[in-house]
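J.: pasting the sequence and the predicted coordinates here, then a few questions.
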There are 4 protein chains.
Amino acid sequence: MKIGLIGLGRMGGNIARRLMKAGHEVVAWDRDAAAVEKLTADGAQGASGIADMATKLDSPAIWWVMLPAGGPTEDTIQQICADAKAGDIVIDGGNSFYKDDIRRAKELREKGIEYVDVGTSGGVWGLDRGYCMMIGGSEETVRYLDPIFDTLAPGTGDIVRTPGRVAEKADPRAEKGYIHAGPAGAGHFVKMIHNGIEYGLMQAYAEGFDILKSKNSDKLPEDERFDLNLTDIAEVWRRGSVISSWLLDLTASALAKDEMLQQFSGHVADSGEGQWTIDAAMEEKVPANVLTASLFARYRSRVEHTFGDQVLSAMRFGFGGHTEIPQ
Amino acid sequence: MKIGLIGLGRMGGNIARRLMKAGHEVVAWDRDAAAVEKLTADGAQGASGIADMATKLDSPAIWWVMLPAGGPTEDTIQQICADAKAGDIVIDGGNSFYKDDIRRAKELREKGIEYVDVGTSGGVWGLDRGYCMMIGGSEETVRYLDPIFDTLAPGTGDIVRTPGRVAEKADPRAEKGYIHAGPAGAGHFVKMIHNGIEYGLMQAYAEGFDILKSKNSDKLPEDERFDLNLTDIAEVWRRGSVISSWLLDLTASALAKDEMLQQFSGHVADSGEGQWTIDAAMEEKVPANVLTASLFARYRSRVEHTFGDQVLSAMRFGFGGHTEIPQ
Amino acid sequence: MKIGLIGLGRMGGNIARRLMKAGHEVVAWDRDAAAVEKLTADGAQGASGIADMATKLDSPAIWWVMLPAGGPTEDTIQQICADAKAGDIVIDGGNSFYKDDIRRAKELREKGIEYVDVGTSGGVWGLDRGYCMMIGGSEETVRYLDPIFDTLAPGTGDIVRTPGRVAEKADPRAEKGYIHAGPAGAGHFVKMIHNGIEYGLMQAYAEGFDILKSKNSDKLPEDERFDLNLTDIAEVWRRGSVISSWLLDLTASALAKDEMLQQFSGHVADSGEGQWTIDAAMEEKVPANVLTASLFARYRSRVEHTFGDQVLSAMRFGFGGHTEIPQ
Amino acid sequence: MKIGLIGLGRMGGNIARRLMKAGHEVVAWDRDAAAVEKLTADGAQGASGIADMATKLDSPAIWWVMLPAGGPTEDTIQQICADAKAGDIVIDGGNSFYKDDIRRAKELREKGIEYVDVGTSGGVWGLDRGYCMMIGGSEETVRYLDPIFDTLAPGTGDIVRTPGRVAEKADPRAEKGYIHAGPAGAGHFVKMIHNGIEYGLMQAYAEGFDILKSKNSDKLPEDERFDLNLTDIAEVWRRGSVISSWLLDLTASALAKDEMLQQFSGHVADSGEGQWTIDAAMEEKVPANVLTASLFARYRSRVEHTFGDQVLSAMRFGFGGHTEIPQ
């Protein structure tokens, strides 16, 4: 198929490459002309803007937007609408808030344009491993786009079939690594929860390794200390343990390179999905202590002290005359 | 009554003073000779050590130990045992772990010595306000010591009687501000939970004021900011609101002196009780998310970054090529 | 002053009564005719609807809406707008979301109508104790309404002045029990945080009493049990302890009536403020583990089991063949 | 090698079988005679008790104890000591508390007996997949036992080498699936943290799937609902997503068999390791909100209501006259 790709960053560029490798045609545009040039060298057809792209796509045109959520995605989709024709398909492959998808799908449908949201997991590894995709949109449109998703997904590969799965009764897409999750918004909703879980998993490992490392610390009395090798511990857990996972593989690799992780000061960013997951939990009245604590640990990692800490110190001074402990 | 007081710090000294003001006699000792001298000037009889104190006390001797929990308290009680006679009473008024009380009471009983644990709340304000006391020990011994506890407690004062309380059926001690909670250990157990709750209350206020203050922050878009007066907010909440409390009174006072709390950097200490409260919760299989999060916020306040944060950054770099956000 | 009161429930009715007791005139309306009658008997002028009320109020008319947040409040304010004249003042005394206030104030200003949001704490006790109020709106309008707020507030009473407070430099309103927090929305924002803190304080006490009660439980080995008197513990903490508060007073009263609290099954509701507080924390990137855990404990209290629990059991069966423990 | 195996449950029996399959000899005993018979049929030499086993083992005798932590393990090791000779090796392969290991190793060393603790992960799958083992003990003894651990471990298999790992500089054991973590106690310490992390990972998935499922719930307004297929979501996340893991594989399998998980009521047990992990965190002053919340979610899953919930309801009734919401 022929697809217009807007946004040629780490994700967008590799998605284009994986598509072209499988024989799809890509018309590419990015605000950064160098990115367009680079992809043209890899076989894409360059475009000078959205209007230009419109002239180079087939009908129905397929527009894949791969930009940061919020302003950049919103603005671009509005621009596409100006040039798109009824029957065209706009795909948001970024990390948009699913309620924005629902709104946009409604707006675009009024113009006869189909809207599809694709939550994409796989990071920098996707070019080789393939992308795990969670898709929202009409059944018909998703079916039309199947050749594209099929290409981008990892495929069944050598991952063993889930015991108990009755493959003939189930949608075969899931085993290839993508699903049609529901109407517009459902794709990004599932991806949002995916990221919420990701925060929780990461924080569980983080706390565990923190307790391991602190067991080596000379702040403990000498007879309570161990001298644990974190690198070997991460390695051994990859092999036959209950907590083996891809995130653990990455941790093992980081520790193997530098057990002290000195390259990382520990200011941990969060994108919107973690917060939106908590919003969803609250809308549904579902307790989510772990996912929330994981998000808050990231907020806390980015400030030296909170005003709340100062309030605590002030109260302690107030009732007990306690002064602060030295750093 | 005549009472031997060991440990003349902030708490011990004031306890002695409140006792003497009511006509009790105090024999006082502290490793710090200046503290002894100061209290002697206020009317106490000085002692040069525990053996000397033994000669100056009546029979049965009453020893009140007011020292930091752990080593200092433990060692002192062992020393007292060397000089004490059957029938004597040893009171631990500090913040000992209640299981240590249970063990000590057993050890002392073998020598005929009575052991009483007194959890004491009131901080630097106790001299004037009186001390809220939670007491463990035998009924007989606690009854014998009632005149002392009666003096130290705040008394009914002008605090309104609890609606629904049937005073004639209940132990009158509670309304005076002290209780006999049960056998040895029960006093410190109740005090421990008191402090656990205290951590939770403090953290609730701390988080609330943090959210208020951050609403003024120039990190927010200008049209999302307020210009809230934290000092007035704390003040107004003292008056008729559901969250009025003594801790809020202290917060209001701290904010009135400096709304920025610049005197406090926010390294918040924790004594043992918070941790022991969580231990108790786990032994009883009681979920205690708030009390635990309050304790952990204090741990977190005392380090700049955790190794766990670094692990998170390392994973994010591993799967997404994300580099850390600038401070 | 003359004031139109719409919504004569527990809060609205008592607000009207407290106003009339001080000589203000009240025109009252409620969907429930019996409520109007009852208040008319207490001295109010009844109205048969909003249009009727418009004819009975002075100019500028003051409308106080005391209805559940969301639909009821929104609809009523829209109706008032149809009948209100430029210069009139609409007060929302309920628990509206502060962003709704900001929007409404803007909408009403276009019609020349002033909008004031009043976060009101005090519950069923306000009639006698007075109401603690946090107010958003223009300085001019709040000043105009001062006589009303002055009446409703508790007044300085016998609450001691906060040490460190320089009364002559500060807004005297705070010591009377109300504040002008800022422009429209600021009142409900502060009240929202107040309730968020309230959730945290309540949960801290709840967990503490749970650990106390479970220490008596026959699920513990006999030699690890105490026989703690929760009623006396709550009572003694009211007297000189660091954790004394109005919420503790209420707890002491509930326990005094029935230490087992058998009247309460423990399905705990939450109104919007707890959730909005977490939303605000997330918008500001402030960690708020305690306030969040308090909210989630309420969600959890209202379901017998979560699907999450079932997922855990399923995983445990999957890796260890563990079957569930009997209830 | 020849090894005496005590405790032939799910884990012990399979460990024996995996050893025998590789040519090791096993002398087996269990209180349950049927279990001994069954293993004898599979090639083991049966023993009628510990004393009998002592006569059937070589010198030095190797005793592998595979029993529940606490009493059963403790008693059995004491009995072995009565029959063991200097130079013998006692292995605790269960889930003992690591401080018990440290104490026992010291006690046994006084008798010239070596003590080795082996934290074993792998559950019911270990017979085929092999066991991931974390081992504490003297370097010499662990080296002597290498042939046994080598047999039980999964081996390198087809798991890809960790990028960045310099295999020639590292202990080759880790890539085979076992490590010598340090002196006695270190093995169970690392296993304890492993289980603590496991709780956190599981709870992260549990909360995520709960939010997904509740998004389908008819408690939500119809236009806010999706109709998400949890089975396909779990399946697709196994394939190329950031959160793929063995625990997710198990979840996918459970959902494939019954998406409602009706077989599981959600009473989730916890063994000691989760609690001990929090103890360790507190001893080291490491914040561990996620691991703790995961443990507490299990406590909460096993009771219908907490007394804490009742306290909340009682307070709400006290200040607001709120009655409980209907179930």
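T.: Structure received.

J.: what about the helices in the stretch 51-200 of chain A?
T.: Assigned helices in the stretch 51-200 of chain A, in chain order: A:71-83, A:98-109, A:126-129, A:139-152, A:173-176, A:186-214 (criterion: DSSP state H, counting those that start in this stretch).

J.: and chain C, which of those helices is closest to it?
T.: With C-beta to the nearest C-beta, the closest approach to chain C among those belongs to helix A:186-214: 11.3 Å. No exception for glycine: its C-beta is placed from N, CA and C like everyone else's.

J.: quick check: next helix or strand after that closest one?
T.: helix A:230-237 (DSSP states H and E).

J.: and that next one with chain B, contact?
T.: No. Using C-beta under 8 Å from any C-beta of the partner chain, helix A:230-237 stays clear of chain B, coming no nearer than 9.0 Å.

J.: how far off centre is that helix?
T.: Relative to the centre of its chain, helix A:230-237 is centred 26 Å away, using C-alpha atoms, centre = their mean, to the nearest Å.

J.: then stretch A:53-60?
T.: 29 Å.

J.: just stretch A:46-56 next, same as before
T.: The answer for stretch A:46-56 is 28 Å, by C-alpha atoms, centre = their mean.

J.: buried stuff in it?
T.: Under the neighbour-count criterion of 16 or more other C-beta atoms under 10 Å in any protein chain shown, stretch A:46-56 has A:Gly46, A:Ala47, A:Ile50, A:Met53, A:Ala54, A:Lys56 buried.

J.: farthest pair within those?
T.: Greatest spatial distance in those: A:Gly46 and A:Ala54, 14.2 Å, computed using C-beta to C-beta.

J.: can you add distance to A:Glu139 and give the buried residues of stretch A:46-56 back as TSV?
T.: Shown next, in TSV, are those (distance: C-beta to C-beta, whole Å):
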residue	distance to A:Glu139
A:Gly46	34
A:Ala47	30
A:Ile50	28
A:Met53	27
A:Ala54	26
A:Lys56	28
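
J.: residues touching A:Val116, list them.
T.: Contacts for A:Val116 (C-beta atoms under 8 Å, 6 or more residues apart in numbering or on different chains) come out as A:Ile89, A:Val90, A:Ile91, A:Asp92, A:Ile135, A:Gly136, A:Gly137, A:Thr141, A:Val142, A:Leu145, A:Ala184, A:Gly187.

J.: would you mind measuring from it to D:Thr120?
T.: 48 Å (C-beta to C-beta, to the nearest Å).

J.: so which bits of the stretch 101-250 of chain A are right by chain B?
T.: So the stretch 101-250 of chain A meets chain B at A:123-125, A:202-203, A:205-207, A:209-210, A:213-214, A:246-247, A:250 (C-beta under 8 Å from any C-beta).

J.: buried ones only from these, please, as a ChimeraX command.
T.: Applied in ChimeraX, the following selects the buried portion of those according to 16+ other C-beta under 10 Å:
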select /A:123,124,125,202,203,205,206,207,209,210,213,214,246,247,250
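
J.: got the domain boundaries for chain A?
T.: Using the TED database, the domain ranges for chain A come out as A:2-182, A:191-307.

J.: could you single out the most deeply buried of these?
T.: Mean neighbours per residue, mean count of other C-beta atoms under 10 Å in any protein chain shown, is largest over those for domain A:191-307, with a mean of 23.

J.: partners of the biggest strand by length in chain A in the sheet?
T.: When chain A is parsed with DSSP state E, its longest strand is strand A:114-121. Here strand A:114-121 is paired, per DSSP bridges, with strand A:89-92 (parallel), strand A:132-136 (antiparallel).

J.: format those as a markdown table; extra columns: mean pLDDT and distance to D:Ile159.
T.: Output for those, formatted as a markdown table (pLDDT from 0 to 100; distance: least, C-beta to C-beta, whole Å):
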| stretch | mean pLDDT | distance to D:Ile159 |
| --- | --- | --- |
| strand A:89-92 | 98 | 36 |
| strand A:132-136 | 98 | 21 |
